[in-house]
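*Asks:* coordinates only, sequence not included:
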C-alpha cells in the first residue's frame, strides 16, 4: 500500500521566499522612484505619493476583477465600454431629473448588468471564446453610449459629487481609502475563500472542475458580474474626476488594466497568480507614467516603454518558471 | 536571481537612454504648453511658435500633448507639470469645464494658467490667447458657404470634438449668422464631429455624403477635418458637386485648392498664435500684466497687444483677422506652414 500526501502549500524556505516575482516588482518600483526623484527635485514629498495615485487609482479598481478573469484563462476587453455606457447613463438620467444618488446606483446597476451579460454569453455559448464575446460587447456597449449621447458631453453634476475624484479625508485621498478597502476584500475573496480556490482550480482545468461538481457556468457569470460592478465603481470615480462625461471616455482602459495584471505575474494561460503582484504593478505602471511625464516624454514614447516593460517581464517570468520547474524536478505546467 | 539582476540592468539601461542631458541643465523658469493631442500638424506649428517665443526670451519651453484628445489625459499631464513647478501653463483645452479642478490646483501652487486657441472657462484661466475674433470667423465661414452654394441649399459642419470650445464658439456664431434673412435658403442639416482624428473625420464625412445626397457645402472649422473632407470629396469624384471650406493648413490643403475641392479657405498663422502665447505667458509671470481688460504688453516681432473682454465673460488677446487662401496665393503659402 502506498500513500501519497499532496501538499497544499509549498514548504517555506528562504530561497523560495526571495525567489518570487514580487521582489522583482518591488525592485522595479524602487528604481522608478529613484529615477523620478532625480528628474524632479520636488518629487519626494508626501503630496506626490498621495496625489499622484489619484490619477491612476480609478483604473486600479478594475485590476483585481480582471485578475480573476485572467486566472480563469479568459480575458475581458469590454470594460472600457462598460465604463463609458454606465457613466453616460448616469449623466443623462441625472440631467433628466433623477436624484444624483439614484443616478449613481443606476450607474452601478447598468455596469453590473453589462458584466452579467458578458458572463451569461460565455457560459451559455461555450463555442464562443471570451475574446470574441467581449470584443462584440465592447462595440455594442460603446455603440449604445454613442446612440444615447451622440458625440456630445453631459455633466453639470452637483458639486459634492466631485468629492469622489478630488476629495481628501484628512490627508488621504478618498479614492485611496476606497481602493484599500477593495484590495482587502479582493485579497480575502481570491486567497481565503472556497470561491477563490475554485477560481484557480478552474483556471488549471475547467473540465475536471465541472466533473468534480463545481458549477463552472455560475463561476463564469459571477466573475464577469463582479467585473461589471467594479467597472461601475471606476465609472463613478472617473466621471467625478472629469466633472463631465462623453461616450469616448475610458477608451483603452482595458489594455492598461490587462497590462497591469500581466506585469503582476498573473499567467495569461490561467490558474496562476497572486494578488500582491497586480497590486505592485498598478503602482509601477502608474508611477512610471508619472515619472516619464515629469520628464516630458511624448505620449507615444510612453506607450512604447510600457510595451517593452511588459514583454521583458513576461519573458522573465517564463524563464524563471522554466528554471524553477527543472530544479524541483516537477513537470513544467 | 542572476536573471533578475540582468533584467534590472536592462531596465536601467532603457531608462538611461531616455534620460537626456537636460536634467542637469541650469534651472531656468519653465513655461509649459499642453496641446489637444499628438499628430496634429496645426498643433505642431503652434507648439513650434511657442517654443521660439519662449526661448528667444531666454527661458525653457516644455511642449506636451496627450496621445488622445481627452480631458482626462490633459489632467494627468497638468498634474505632472504642477510637480515640476513650472512658471506658467498654457492650455489648449480639450474640455471647457472638466479641467477646472486641476487648473485651480495649479493656480494655487503659484503657476500662471492661461489658455490658448481652445479656451477653458474664465474661472480656471487668467486670460485666453485667441486667434481671431470668434464672431468674425463665424460670419466669414457662413458667407463663404453661402457664396459657394449659390445662396441656397444644404450645408453641414464637420467639427473637431464636441467639447472643443473654440469650434463650439465659432459654430454658435455660425448659427447666429444663419438666422439672418439673407441666409434664409441655406439649411444647416448636421454638425458632425471628427474628433480631430483623421480616420474618424473621414468616416464622418462619408456618412454626411451618404445621409445628405443634396449636400452642397461642408464647413470644417478644423484643420484635420477640412483635409479629411477634401480628401473624401476628391476620392469619391465629387469635386464641384460638394465644396469644402473652413479653416485649413495651406501646406495640407494646397492639393485640394488646386483641384477645386476647396475653392478657398481661411486661417491665421498658427506659429504666430503659439508665439503670442509665449509672450503672454512671460508677461503674466513677470507681473507685467494680470490678465485684466486693458492690460498692454509687447509680443516681440508681432508688436503690441491689449487684453480685451471675451464673449464668454473672461478676457482674451486677439491675434488678428483670419487670412483667405485661394488659387492665387496658395503656392506661396504652402511653403510657409
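*Replies:* Cool, the structure landed. The structure presented is a predicted model; accordingly, all values stated were derived computationally and were not measured. Numbering: from 1, shown residues only, chains lettered A, B, ... in the order given.
*Asks:* if I pick the spatially most central residue of chain B, what's in contact with it?
*Replies:* Against the mean C-alpha coordinate of chain B, by CA atoms, centre = their mean, the closest residue is residue B:117 at 5.0 Å. The contact partners of residue B:117, by CB atoms under 8 Å, 6 or more residues apart in numbering or on different chains, come to B:46, B:92, B:129-131, B:166, B:273. Where C-beta positions appear, they are placed from N, C-alpha and C, glycine not excepted.
*Asks:* Among the residues you listed, which lie within strands?
*Replies:* Using DSSP state E, the members of the contacts of residue B:117 that fall in strands are B:129-130.
*Asks:* Show me where the chain dips below the pLDDT cut-off.
*Replies:* Picking chain A for this. Under the criterion of pLDDT under 70, the regions of chain A flagged as low confidence span A:1-19, A:299, A:320-333.
*Asks:* That was the other one, I meant chain B.
*Replies:* Applying pLDDT under 70 to the predicted model, the residue ranges of chain B that meet it are B:1-27.
*Asks:* Quick check: the residue nearest to the centre of chain B vs residue A:75, distance?
*Replies:* Distance of residue B:117 to residue A:75, computed by CB to CB, to the nearest Å: 40 Å.
*Asks:* same thing with residue A:214?
*Replies:* 21 Å.
*Asks:* Ok, residue B:110 next?
*Replies:* With the distance defined as CB to CB, residue B:110 ends up 46 Å from residue A:75.
*Asks:* what about those two, which has more around it?
*Replies:* Just comparing residue B:110 and residue A:75: by other CB atoms under 10 Å in any protein chain shown the higher neighbour count belongs to residue A:75, 19 against 9.
*Asks:* got the contact list for the more buried one?
*Replies:* Contacts here follow CB under 8 Å, 6+ apart; on that basis residue A:75 touches A:69, A:130-131, A:134, A:258, A:268.
*Asks:* Chain B contacts on the stretch 51-200 of chain A?
*Replies:* Residues of the stretch 51-200 of chain A found near chain B, taking CB under 8 Å from any CB of the partner chain as the criterion, are A:51-52, A:55, A:150-153, A:155, A:162, A:166.
*Asks:* Looking at the stretch 101-250 of chain B, which residue is nearest chain A?
*Replies:* The stretch 101-250 of chain B approaches chain A most closely through residue B:193 (3.9 Å), counting by CB to the nearest CB.
*Asks:* isn't that residue right next to residue A:149, touching?
*Replies:* No: applying CB atoms under 8 Å, one finds residue B:193 not in contact with residue A:149, separated by 11.5 Å.
*Asks:* Outline the domain layout of chain B.
*Replies:* The record's domain split for chain B, according to automatic domain parsing, is B:28-131+B:270-320, B:134-267.
*Asks:* can I get the ones you listed in CSV with distance to residue A:24?
*Replies:* Listed next are the domains of chain B as CSV, based on distance: least, CB to CB, whole Å:
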stretch, distance to residue A:24
domain B:28-131+B:270-320, 26
domain B:134-267, 38
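*Asks:* quick one: which of these is nearest residue A:222?
*Replies:* In this view, those are compared for proximity to residue A:222 by CB to CB, and domain B:28-131+B:270-320 is the closest at 30.3 Å.
*Asks:* Much appreciated, bye for now.
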